[in-house]
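Student: give me coordinates for this.
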Amino acid sequence: MQKVKDYLSYFWKSTDKLLLFLCLLASAFGVLMVTSATWHTMKEGGVIPRDSIVMIVAVLLGLIIALAISLVDIDIWSRMWYIWAGAGILLMIIVFIFGQAPSNRSDARTWINLGFFLFQPSELVKVFFIITFAVHLDHVREELNKLRNVALLVGHALIPFLLVARSGDDGSALVFLLIAFIMMFIAGIRWQYILGVFVLAAAAIPLIWFQFSDFQKQRFIVIVDPDRYPATAYQQTLGLQAMNNGGIFGKGLFNGPYTQSGAVPVSESDMIFTVVGEELGTIGCVVAIALILFIIFRIIRDGKTAIMGPAQYIAFGVASMIGIQAFINIAMVLRIGPVIGLTLPFYSAGGSATLSLYIALGLIFSIYRSVYSQTQETNFRLIGVRSPFDETFHDTASYKERTKDRSSTSRSKRELERDRGRLSRESSKKTSRKAQKAKAKPAKKKAPKRNAPAPAPKRQHSETYLKRHRDE
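Tutor: Residues are numbered from 1 along each chain as shown. The predicted structure follows:
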């Protein structure tokens with residue numbers, strides 16, 4: 001029984017409690033907003049809307065999976081990159097064969113019907129891509145800016161982009177490219193390559209534009225001229241009206257006229273930010289954005305504390321995924337960007353997005369737990385707990401292999417600190433020995449110095465005495 005208590009105590013101490021609290025707080029806020037957005041759809045006698053139930057189940061299931069993922073060292077998840085790469089490609093192939101289209105996009109195949117649940121594989125593929133791309137970046141870390149390596153990284157990013165775009169999920173496809181760009185930027189890619197990417201993107205705009213359908217082109221046009229295509233701008237126009245109706249303090253929960261009448265299409269998912277704006281006002285919007293920013297900063301902080309390797313890139317990849325989707329979704333609601341069907345992390349309804357988000361967070365919890373186990377004296381072995389992953393955590397060779405730095409600079413710094421510590425210890429030992437010897441030997445009493453006799457003062461003779469003796 002004591003071992004179980006010790007294990008639970010260690011498990012709790014090695015969990016990033018602040019990140020866990022922030023994520024659960026954001027999810028609770030999201031469930032509340034989704035409940036308000038879908039309250040008018042609830043049947044008589046119902047207690048809670050179906051979308052809210054799905055979201056609660058996804059959060060709880062995702063939390064369990066995330067904590068289970070955190071029990072395995074992040075390096076082990078990274079070494080299994082080929083499994084995640086194969087699983088991501090397999091999921092997209094299944095989408096092409098058995099995928100179903102959303103109600104408003106008959107030309108797209110983005111969901112897989114599991115009977116009790118519609119699953120969107122592109123959400124999970126984002127997590128797989130972050131792991132594989134992080135491993136790729138770590139592999140070419142020392143020679144990142146060689147043209148060959150940059151070309152291979154771009155090719156790596158284009159694989160999921162093309163597969164997801166082919167399924168019709170243009171919004172998620174764009175996220176893959178942006179995640180890859182930010183991760184490469186963090187890794188230290190030269191500005192010449194970044195400039196080249198912008199030049200190529202600008203040159204490709206005309207070619208991409210002609211590949212768009214008329215409806216896709218209209219989504220961009222209504223950003224600057226909403227009156228030209230009022231039907232296409234309808235969703236964003238009503239969303240802006242709802243937010244303006246909220247003012248600074250909002251109309252109150254379950255009291256927004258636009259929200260409770262269902263005037264804004266898909267207000268529980270893509271347009272959930274309009275619900276926040278109408279019912280909680282500008283203050284509610286600021287709080288919602290601040291909460292997401294706190295989560296992103298915490299993830300980055302956890303990544304920066306990790307040893308050099310894929311763990312750092314994974315953390316920045318997850319943070320960029322959350323930040324990119326939040327920015328695009330809010331820009332879409334405010335009509336400074338086109339409607340591309342991206343959900344707002346933590347707040348939007350959707351089981352696939354919520355579950356995949358917590359799986360990604362499980363990797364961050366794994367990073368935090370790995371760092372904690374490497375830096376704290378209390379570990380599984382010391383408290384006498386045997387876990388299913390005991391060999392993973394306690395094999396000496398494996399531990400040394402996992403914790404050694406992957407750069408010569410860090411290794412030399414570590415050796416320098418070790419030598420400094422050794423010299424300091426030797427110096428302290430010598431000092432203690434001298435102190436002990438000084439205590440052991442009795443102090444010799446020094447004889448008091450006798451005062452030397454003062455020299456006799458020189459006699460002073462009168463002029464008569466000196467004259468008489470001079471004549472003699």
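Student: ok, which stretches of the protein are strands?
Tutor: 112-113, 118-119 (DSSP state E).
Student: the first one - contacts with which helices or strands?
Tutor: The helices and strands touching strand 112-113, judged by 3 or more CB pairs under 8 Å, 6 or more residues apart in numbering; DSSP states H and E, are helix 81-98. Every residue, glycine included, has its C-beta placed from N, CA and C.
Student: follow-up on the earlier one: do you know which of the strands of the chain lies nearest Gly323?
Tutor: Of all these, strand 118-119 sits nearest to Gly323, with 24.3 Å by CB to CB.
Student: note down every partner strand of that closest one and its orientation.
Tutor: Paired neighbours of strand 118-119 in the sheet (DSSP bridges): strand 112-113 (antiparallel).
Student: just how off-centre is the partner strand within its chain?
Tutor: Averaging C-alpha positions (CA atoms, centre = their mean, to the nearest Å) puts strand 112-113 29 Å from its chain's average.
Student: return the residues in contact with the nearest residue to His156 once chain neighbours are set aside.
Tutor: Distance criterion CB to CB, 6 or more residues apart in numbering; nearest residue to His156, sequence neighbours excluded, is His136 at 5.7 Å. Contacts for His136 (CB atoms under 8 Å, 6 or more residues apart in numbering) come out as 152-153, 156.
Student: nearest residue to Ile295 other than its sequence neighbours?
Tutor: Leu22 (5.0 Å).
Student: and for the one you found, the neighbour number?
Tutor: By other CB atoms under 10 Å, the residues close to Leu22 number 20.
Student: pretty sure it contacts Leu291?
Tutor: Yes - when contacts are counted by CB atoms under 8 Å, Leu22 is listed as touching Leu291 (6.8 Å).
Student: can you list the weak-confidence ranges in this protein?
Tutor: Counting by pLDDT under 70, the ranges of the chain that qualify are 45, 102-108, 308, 376-472.
Student: go through the contacts of His136 and flag which are in helices.
Tutor: Those of these mapping onto helices are 152-153, 156, per DSSP state H.
Student: tabulate the residues you listed in TSV, adding columns for neighbour count.
Tutor: Shown next, in TSV, are those (neighbours: other CB atoms under 10 Å):
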residue	neighbour count
Leu152	14
Leu153	21
His156	17
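Student: can you redo the residues you listed as CSV with distance to Gly337?
Tutor: Formatted as CSV, the ones in helices among the contacts of His136 follow (distance: CB to CB, whole Å):
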residue, distance to Gly337
Leu152, 31
Leu153, 26
His156, 26
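Student: list just the nearest of the residues you listed to Val125.
Tutor: Checking the ones in helices among the contacts of His136 one by one against Val125 (CB to CB), the nearest turns out to be His156, at 13.2 Å.
Student: wait, the closest one touches Ala134, no?
Tutor: No - if you go by CB under 8 Å, His156 and Ala134 don't touch, sitting 11.0 Å apart.
Student: circling back to that earlier point, show me which of the ones in helices among the contacts of His136 is closest to Leu63.
Tutor: Looking across the ones in helices among the contacts of His136 and measuring by CB to CB, the closest to Leu63 is His156, at 30.6 Å.
Student: for that closest one, give its distance to Leu363.
Tutor: 19 Å (CB to CB, to the nearest Å).
Student: with Ile53 instead?
Tutor: Counting by CB to CB - Ile53 and Leu363 are separated by 27 Å.
Student: among the two, which residue is more densely surrounded?
Tutor: Neighbour count, other CB under 10 Å: between Ile53 and Leu363, Leu363 has more, with 27 against 16.
Student: who's in contact with that one?
Tutor: So Leu363 contacts 69, 74, 77, 127, 130-131, 314-315, 318 (CB under 8 Å, 6+ apart).
Student: mind running it again at 6 Å?
Tutor: Counting by CB atoms under 6 Å, 6 or more residues apart in numbering, Leu363 touches Ile314.
Student: and it, how close does it get to Tyr347?
Tutor: 21 Å.
Student: and if you look at Ala68?
Tutor: 25 Å.
Student: more neighbours, these two?
Tutor: The neighbour count for Ala68 versus Tyr347, taken as other CB under 10 Å, is higher for Tyr347 (27 against 12).
Student: now that one: closest residue in space, sequence neighbours ignored.
Tutor: Gly30 (3.9 Å).
Student: tally of neighbours for that neighbour?
Tutor: Look at Gly30: counted by other CB under 10 Å, it has 26 neighbours.
Student: same thing with Lys304?
Tutor: 10.
Student: ok, for it, nearest residue in space, not its chain neighbours?
Tutor: Nearest non-adjacent residue to Lys304, counting by CB to CB, 6+ apart: Gln312, 7.0 Å away.
Student: my read: that neighbour touches Thr305, true?
Tutor: No - using CB atoms under 6 Å, Gln312 makes no contact with Thr305, being 9.2 Å away.
Student: higher neighbour count, these two?
Tutor: Just comparing Gln312 and Thr305: by other CB under 10 Å the higher neighbour count belongs to Gln312, 24 against 16.
Student: any idea how far the more buried one lies from Leu71?
Tutor: Distance of Gln312 to Leu71, given as CB to CB: 21 Å.
Student: cool, Ser27 as well?
Tutor: 21 Å.
Student: which one's more surrounded, the two?
Tutor: Ranked by neighbour count (other CB under 10 Å), Ser27 and Leu71 place Ser27 first, with 23 against 17.
Student: and for the residue nearest to Phe185 when sequence neighbours are not counted, the neighbour number?
Tutor: Residue nearest to Phe185 in three dimensions, not counting chain neighbours: Ile194, with 6.9 Å by CB to CB, 6+ apart. Look at Ile194: counted by other CB under 10 Å, it has 13 neighbours.
Student: distance of Ser14 from Gly303?
Tutor: Distance from Ser14 to Gly303, by CB to CB: 17 Å.
Student: can you pull out the helices in the stretch 101-250 of the chain?
Tutor: Using DSSP state H, counting those that start in this stretch, the helices of the stretch 101-250 of the chain run over residues 121-139, 147-167, 170-187, 191-211, 214-224, 234-246.
Student: the shortest one versus helix 170-187: what angle between them?
Tutor: By that I understand helix 214-224. 60 degrees (axes from the mean of the first three to the mean of the last three CA atoms, to 10 degrees).
Student: so which bits of helix 214-224 are buried?
Tutor: Neighbour-count burial for helix 214-224 flags 216, 218-219, 222-223 (criterion: 16 or more other CB atoms under 10 Å).
Student: returning to what we had before: which one of the helices of the stretch 101-250 of the chain is the most hemmed in?
Tutor: helix 121-139 (a mean of 24; mean count of other CB atoms under 10 Å).
Student: from the middle of its chain, how far away would it be?
Tutor: On CA atoms, centre = their mean, the centre of helix 121-139 falls 14 Å from that of its chain.
Student: same thing with stretch 241-251?
Tutor: On CA atoms, centre = their mean, the centre of stretch 241-251 falls 32 Å from that of its chain.
Student: with stretch 303-322 instead?
Tutor: With CA atoms, centre = their mean, you get 6 Å for stretch 303-322.
Student: what are the contacting residues of that stretch?
Tutor: For stretch 303-322, using CB under 6 Å, 6+ apart, the contacting residues are 74, 78, 126, 130, 134-135, 137-138, 179, 182-183, 186, 296, 299-300, 302, 345, 360, 363-364, 367, 371, 405-407.
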